[in-house]
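Asker: what's the 3D shape of this:
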Amino acid sequence: MSKITLAKGLNAGLRKAMEDDPKVLVMGEDVGKLGGVFRITDGLQKDFGEDRVIDSPLAESGILGTAVGLAMRGYRPVCEIQFDGFVYPAYDQIVSQVAKIHFRSQGKVKMPIVIRIPFGGGIGAVEHHSESPEAQFAHTPGLKVVACSNPVDGYWMIQQAIKCDDPVVFLEPKRQYHADKAELDETRTLADADPLFSSRVVREGTDLTLLAYGPMVKTCLASAEAAAQDGQSIEVIDLRTLSPLDMGPVLASVRKTGRAVVTHEAHVNLGMGSEIAARITEECFYNLEAPVLRVGGFDTPYPPSRIEEEWLPDLDRVLDAVDRSLAY
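Answerer: Sure thing, here's the model as predicted:
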């Protein structure tokens, strides 16, 4: 057993995938000599060479366009987008090409591309460095979208994403990169890990279901702990996969608790919470004791860093939604 951060877990997972398959390549801005701005790819170019860990130009569209060609030739490129807000120059390639080629070719051409995106706020950065674009990708047919929330999931999920024959948008909560440590059982294998496209109950409860992914999982666990001091039993689910959504654990939980609150850092309007709330209402209408509530960022561009803590959903805003739901 060893204790790792999320950054170390992702680094170790990438290293293991590259050791296991010589067709796995890593490419992006500053991923080689620098090891990435968050040091996620630290040491990989030294050990695997410049042909497999490629420092690209500052051109996200070029990174993804090159990855499409590599995938067509049998490689498994892992593309790092340096910050969430930098993904938009590559948006055309991702939505017009990466997401469609497998379907367009009637299954003859696979697109095993992983697009790593550090996402979310909380690091004192400005717009283009603190955004949450996940709903835009989850809305695109042909893309898989997942979000890890902890070091152990980071280690396993990045390996599973690389093995997937479909393109995977892999969201990493940047404020969690170096925040917490968790024990990794190195005797386990990839076959022992939870399936990539699956949700998981991370805290059991009976009064209300609290749903989160990525950076909000930690906030929701802290909220459930605080609510327990007032005698409230909150169940917390880490969604982990946004497309496809794994609604099985969610629906089972809501049928038990009768109440649900969905959280995410992205602004609420047309966010992931809208789709999840709609599905819960469709499937669990007669089990609900209260409307499904959503907690998220405000409907503005990401604010200056000095006031980001006022913009980001926090423990108090989550607990306010919990109290409102339980008051029905």
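
Asker: can you tell me how far the most centrally placed residue in the chain sits from K174?
Answerer: Taking CA atoms, centre = their mean, the centroid of the chain lies closest to A147, which sits 1.6 Å from it. A147 sits 12 Å away from K174, going by CB to CB, to the nearest Å. For glycine as for every other residue, the C-beta is placed from the backbone atoms N, C-alpha and C.

Asker: Give the residues shared as contacts by the two.
Answerer: Common neighbours of A147 and K174, counting by CB atoms under 8 Å, 6 or more residues apart in numbering, are F119.

Asker: before we move on, back to that, for the residue nearest to the centre of the chain, list each beta-bridge partner.
Answerer: When bridges are called by DSSP bridges, A147 pairs up with L171.

Asker: my read: it touches V168, true?
Answerer: No - using CB atoms under 8 Å, A147 is not in contact with V168; the gap is 11.0 Å.

Asker: Kindly export stretch 88-96 (C-alpha atoms) in PDB.
Answerer: Provided in PDB are the C-alpha atoms of stretch 88-96 (Å, rounded to 0.1, in the frame of the first residue of the first chain):
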ATOM      1  CA  TYR A  88     -12.300  25.600 -27.400                       C
ATOM      2  CA  PRO A  89      -9.800  26.000 -30.300                       C
ATOM      3  CA  ALA A  90     -10.000  22.200 -30.400                       C
ATOM      4  CA  TYR A  91     -13.800  22.000 -30.100                       C
ATOM      5  CA  ASP A  92     -14.300  21.700 -33.900                       C
ATOM      6  CA  GLN A  93     -11.900  18.800 -34.100                       C
ATOM      7  CA  ILE A  94     -13.500  17.100 -31.100                       C
ATOM      8  CA  VAL A  95     -17.100  17.500 -32.100                       C
ATOM      9  CA  SER A  96     -16.800  17.300 -35.900                       C
END
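
Asker: Give the buried residues for it.
Answerer: Within stretch 88-96, the residues scored as buried using 16 or more other CB atoms under 10 Å are Y88, A90, Y91, Q93, I94, V95.

Asker: doesn't V26 fall inside a helix?
Answerer: No - using DSSP: H, G, I helix; E, B strand; the rest coil, the assignment for V26 is strand, not a helix.

Asker: Taking strand 24-28 as reference, get the angle to whatever helix or strand I63 lives in.
Answerer: Here I63 sits within helix 60-72, counting by DSSP states H and E. Following axes from the mean of the first three to the mean of the last three CA atoms, to 10 degrees, one obtains 170 degrees for the angle between helix 60-72 and strand 24-28.

Asker: Now helix 60-72: buried residues?
Answerer: Within helix 60-72, the residues scored as buried using 16+ other CB under 10 Å are E60, I63, L64, G65, T66, A67, V68, L70, A71.

Asker: One more: stretch 165-175?
Answerer: Residues of stretch 165-175 classed as buried: P167, V168, V169, F170, L171, E172, P173, K174, R175 (neighbour count, 16+ other CB under 10 Å).

Asker: show me the contacts for the first one.
Answerer: Which is P167. I94, V98, A99, M111, P112, I113, V114, I115, G142, L143, K144.

Asker: again, 10 Å this time
Answerer: Taking CB atoms under 10 Å, 6 or more residues apart in numbering, we find P167 in contact with 64, 67-68, 71, 79, 94, 97-102, 110-115, 137, 140, 142-145, 161.

Asker: same question, the last one
Answerer: Listed by CB under 10 Å, 6+ apart, the contact partners of R175 are 6, 118-125, 130, 214-215, 218, 265, 312.

Asker: rerun that using 8 Å as the cut-off
Answerer: Per CB under 8 Å, 6+ apart, neighbours of R175: G120, G121, G122, I123, P215.

Asker: ok, and the closest non-adjacent residue to it?
Answerer: Closest residue in space to R175, ignoring its immediate chain neighbours: G122 at 3.6 Å, by CB to CB, 6 or more residues apart in numbering.

Asker: which residues touch the one you found?
Answerer: Contact analysis of G122 by CB under 8 Å, 6+ apart lists S130, K174, R175, P215, E308, L312.

Asker: Return the member of these nearest to R279.
Answerer: Here the nearest of the contacts of G122 to R279, counting by CB to CB, is P215; it sits at 22.4 Å.

Asker: re the thing from before, give me the buried entries from the contacts of R175.
Answerer: Among these, those buried by neighbour count (16+ other CB under 10 Å) are G120, G121, G122, P215.

Asker: hang on, isn't the second one packed against P313?
Answerer: Just to be clear, that refers to G121. No - the pair G121 / P313 is not scored as a contact, 10.2 Å apart, by CB under 8 Å.

Asker: shared neighbours of the two, which are they?
Answerer: Residues touching both G121 and P313 by CB under 8 Å, 6+ apart: E265.
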